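Chemist: structural data only, the sequence is not supplied:
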């Protein structure tokens, strides 16, 4: 009995592992909130984390910032707003970070910003696209990612190009899914003759056959898959089963197919998929972007994808801003980010103007639609069918 | 959008997923009926079953021997269940009956956290699929993944075998007797602790079987048991705690309610329809469709 008690104690200790010690006083702490476990898109979170970690290593190898080392503190949001908020509070209160980049799931970024506007430490969303993240014009909210209107404009351009008349979208009931679905319906009003079917689902659902049967009955020319992480894969597999794929083209709403894992999961039904991307190897990198890509390839034996590039970019931008501000005070940092021009991974200047609407504090990369034209195709060889930049 | 074909397809889809849900619920209700405790870590045994299936198919046996992998995965979870019962649960059965349920809750919740953390630590958070070479099958007007049809058939066979063992074997008689009176069976010379161990092993093996069967359909990742566990508990409430026919009928009812609700009411609230059914049953029949009033002995 006593031995079994020790066994249980050991088990509990294992289960609660993962606690990290705080920053040393001489470090500058940068927080990172990303999904590292389900129901969040853990792969997306991991890629951002990889980029941010290499970014911190690169900055420290160059002597750090203001004579101090950068230290990254990571919190797992699990794709859940409440976990993200708890993570932000911990990063600010316990780890004393000066900024919190990351954010893959829009719901998490929106919830965290509500707390951040009170606590004052800036956030930088690197892969969360819902309009409300920046449209609320909070001082602390920054973003280096494509927003809903730009992403939707990109697929509307594609719909126009292909002459599609009936389009179904299957979207999760998150800020990301609802935002994109509503924006698509809004933009479709200016495209006479195009009929949009909106089908929503709870992202914890695993059997999406009823939703897909509705879509099949609608007989669409194209399906837009607005699932993130596991739901995205379930939609693809279950759509294949009921005969929607490959007969009806499917567009995936973000760059998940660029991940090595994609072909492991979709060896048989990945060919022909269209997907949104924000980077292609044909895009030109900045000098620090190229240096990062080299370091990433050396470490992980694969080319970086957008999530990793943008994770790195956030650390690079924040480092430059801290240097320019000559301070780690969050208010000073916010003012410096608003006023300055920064270098990130693309060969283009990055700024965060106090612009109108959703473009407040928002730098938007060009958005692409890529197309796999053969099974197991390297995403770097995927056909570019649309390249859209915000006018 | 409303068509006969869509109704039939939705019906088939609901029945098939309902039977698979029932398999999970059966494990929960079976353990409860024998041991009078709820195993909160059922979903983690489902998850282990799915990982074993993935590893066996992807690394050892290949997709053609998926059926063998299912048997081995289920057996593996059964053995793990025996070990978990011996190491973690057996000691609490030396305590007075009134505290067993509380202890079991704490222990199985701790087990849940430990197994989930271990899975994330060892396999990482990404999803995997063992893949399947089974072709798409037409079930009436409904095209279904071969893996899902195979899972449905396997689940029906497992439910049938389980029922036959309980109904026609000496060991089944001992299990049924234990579920009626833990004290009474001891007067007949039955080792109730051994029965507990077997019941726990069989119960979690049913969850492991569900995990292995559904691995190619719903993917493999550290928290994949969560949804099926929630469905399992919903079914137990609807069907009645401890009722095996109740688990099957409630599983199918839940599958149908969710499918028809998603297809014809509003797809965004698919999970809500199941909870609405649970609330309705709690109001009309608080012990579930086939449940009996609790009995302690």
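Modeler: On my side now, so go ahead. Note that the coordinates shown come from a computational prediction; the quantities given were computed from them, not determined experimentally. Numbers count the residues shown, from 1 in each chain, chains lettered A, B, ... in the order given.
Chemist: residue B:199 reaches residue B:175, doesn't it?
Modeler: Yes - at 6.4 Å, residue B:199 counts as touching residue B:175 under the criterion of C-beta atoms under 8 Å. Where C-beta positions appear, they are placed from N, C-alpha and C, glycine not excepted.
Chemist: name the residues of the stretch 151-297 of chain B found near chain A, please.
Modeler: By the criterion of C-beta under 8 Å from any C-beta of the partner chain, the positions of the stretch 151-297 of chain B lying close to chain A are B:217-219, B:221-224, B:226-228, B:258-260, B:262-263, B:266-271.
Chemist: if we can go back for a sec, now do the shared contacts for residue B:199 and residue B:175.
Modeler: Residues touching both residue B:199 and residue B:175 (C-beta atoms under 8 Å, 6 or more residues apart in numbering or on different chains) are residue B:34.
Chemist: mind jotting down where the strands sit in the stretch 201-350 of chain A?
Modeler: In the stretch 201-350 of chain A, the segments counted as strands under DSSP state E, counting those that start in this stretch are A:222-226, A:250-252, A:274-277, A:341-342, A:350-351.
Chemist: correction: the previous question concerned the stretch 1-150 of chain A.
Modeler: Taking DSSP E, counting those that start in this stretch, the strands of the stretch 1-150 of chain A run over residues A:27-34, A:69-76, A:100-102, A:123-125, A:141-143.
Chemist: in chain A, which residue sits nearest chain B?
Modeler: As assessed by C-beta to the nearest C-beta, chain B sits closest to residue A:42 within chain A, at 3.2 Å.
Chemist: low-confidence stretches in the stretch 251-391 of chain A?
Modeler: Applying pLDDT under 70 to the stretch 251-391 of chain A flags residues A:390-391.
Chemist: next up, the contacts around residue B:142.
Modeler: Residue B:142 touches A:242, B:8, B:9, B:12, B:13, counting by C-beta under 8 Å, 6+ apart.
Chemist: bridging residues for it?
Modeler: Applying DSSP bridges to residue B:142 gives these bridge partners: residue B:139.
Chemist: for the stretch 51-200 of chain A, which residues are neighbours of chain B?
Modeler: Proximity of the stretch 51-200 of chain A to chain B, by C-beta under 8 Å from any C-beta, involves residues A:173, A:199, A:200.
Chemist: buried among those residues? Make that a PyMOL selection.
Modeler: Command for PyMOL that selects the buried part of those, burial taken from 16 or more other C-beta atoms under 10 Å in any protein chain shown:
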select buried, chain A and resi 173+199+200
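Chemist: turn the residues of the stretch 51-200 of chain A next to chain B into JSON lines, including secondary structure and pLDDT.
Modeler: Shown next, in JSON lines, are these (DSSP: H, G, I helix; E, B strand; the rest coil; pLDDT from 0 to 100):
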{"residue": "A:173", "secondary structure": "coil", "pLDDT": "92"}
{"residue": "A:199", "secondary structure": "strand", "pLDDT": "95"}
{"residue": "A:200", "secondary structure": "strand", "pLDDT": "95"}
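Chemist: is it true that residue A:331 touches residue A:120?
Modeler: Yes - applying C-beta under 8 Å as the test, residue A:331 and residue A:120 come out as touching, 6.8 Å apart.
Chemist: what's the burial count for residue B:194?
Modeler: Residue B:194 has 10 neighbouring residues, counting by other C-beta atoms under 10 Å in any protein chain shown.
Chemist: distance check, it against residue A:239.
Modeler: In this view, residue B:194 and residue A:239 are 49 Å apart by C-beta to C-beta, to the nearest Å.
Chemist: again with residue B:16
Modeler: Using C-beta to C-beta, residue B:16 is found at 17 Å from residue A:239.
Chemist: and residue B:240, by the same measure?
Modeler: Remark: distance between residue B:240 and residue A:239 (C-beta to C-beta) = 37 Å.
Chemist: now residue B:291
Modeler: On the measure of C-beta to C-beta, residue B:291 and residue A:239 end up 39 Å apart.
Chemist: give the contact list for whichever residue of chain B sits closest to chain A.
Modeler: Residue nearest to chain A within chain B: residue B:125 (3.2 Å; C-beta to the nearest C-beta). Applying C-beta under 8 Å, 6+ apart to residue B:125 gives the contacts A:36, A:37, A:38, A:42, A:43, A:45, A:46, B:221, B:222.
Chemist: dump those residues into TSV; add pLDDT as well.
Modeler: Listed next are those as TSV, based on pLDDT from 0 to 100:
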residue	pLDDT
A:36	90
A:37	83
A:38	74
A:42	84
A:43	83
A:45	93
A:46	91
B:221	88
B:222	86
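Chemist: in these, which residue is surrounded by the most others?
Modeler: With neighbours taken as other C-beta under 10 Å, the top of the contacts of residue B:125 is residue A:45, carrying 30 neighbours.
Chemist: neighbours of the nearest residue to that residue once chain neighbours are set aside, just the number please.
Modeler: With C-beta to C-beta, 6 or more residues apart in numbering or on different chains as the criterion, residue A:45 has its nearest non-adjacent residue at 3.5 Å, and that residue is residue A:34. If you count neighbours by other C-beta under 10 Å, residue A:34 ends up with 32.
Chemist: residue A:34 bridge partners, please.
Modeler: Bridge pairing for residue A:34 (DSSP bridges) gives the partners residue A:76.
Chemist: isn't it right up against residue A:44?
Modeler: Yes - between residue A:34 and residue A:44 there is a contact under C-beta under 8 Å: 7.5 Å.
Chemist: okay, and the common contacts of these two?
Modeler: Counting by C-beta under 8 Å, 6+ apart, the shared contacts of residue A:34 and residue A:44 are residue A:104.
Chemist: of the residues of the stretch 151-297 of chain B next to chain A, buried ones?
Modeler: Listed as buried from these are B:217-219, B:221-224, B:226-228, B:258-260, B:262-263, B:267-271; burial here means 16+ other C-beta under 10 Å.
Chemist: count of neighbours near the closest residue in space to residue A:303 that isn't next to it in sequence?
Modeler: Nearest in space to residue A:303, with sequence neighbours left out and distances taken as C-beta to C-beta, 6+ apart, is residue A:297 at 6.0 Å. Residue A:297: 12 surrounding residues under other C-beta under 10 Å.
Chemist: ok, residue A:72 touching residue A:32?
Modeler: Yes - between residue A:72 and residue A:32 there is a contact under C-beta under 8 Å: 5.8 Å.
Chemist: in the host helix or strand of residue B:114, which residues are buried?
Modeler: Using DSSP states H and E, residue B:114 falls within helix B:97-123. By 16+ other C-beta under 10 Å, the buried positions in helix B:97-123 come out as B:100, B:103-104, B:107-108, B:110-120, B:123.
Chemist: ok so, going back, let me know the pLDDT of the residue nearest to residue A:45.
Modeler: At residue A:34, the model reports a pLDDT of 96.
Chemist: look up how far residue A:119 lies from it.
Modeler: Counting by C-beta to C-beta - residue A:34 and residue A:119 are separated by 19 Å.
Chemist: helices along the chain, start to end?
Modeler: With no chain named, the answer covers chain A. Shown for chain A, the helices assigned by DSSP state H span residues A:2-15, A:42-61, A:81-93, A:106-119, A:132-135, A:148-162, A:175-188, A:209-218, A:230-241, A:261-265, A:287-300, A:306-325, A:330-339.
Chemist: wrong chain, I was asking about chain B
Modeler: For chain B, the helices defined by DSSP H occupy B:4-35, B:42-55, B:66-84, B:97-123, B:146-168, B:170-180, B:182-187, B:192-218, B:225-239, B:244-264, B:270-284.
Chemist: for those, which one ends up most surrounded?
Modeler: Highest mean neighbour count among the helices of chain B (mean count of other C-beta atoms under 10 Å in any protein chain shown): helix B:42-55, with a mean of 28.
Chemist: now do the contacts for residue 44.
Modeler: Going with chain A. A:34, A:35, A:104, A:127, A:228, A:229, A:256, A:307.
Chemist: the chain in question should be chain B.
Modeler: B:111, B:112, B:115, B:116, B:119, B:225.
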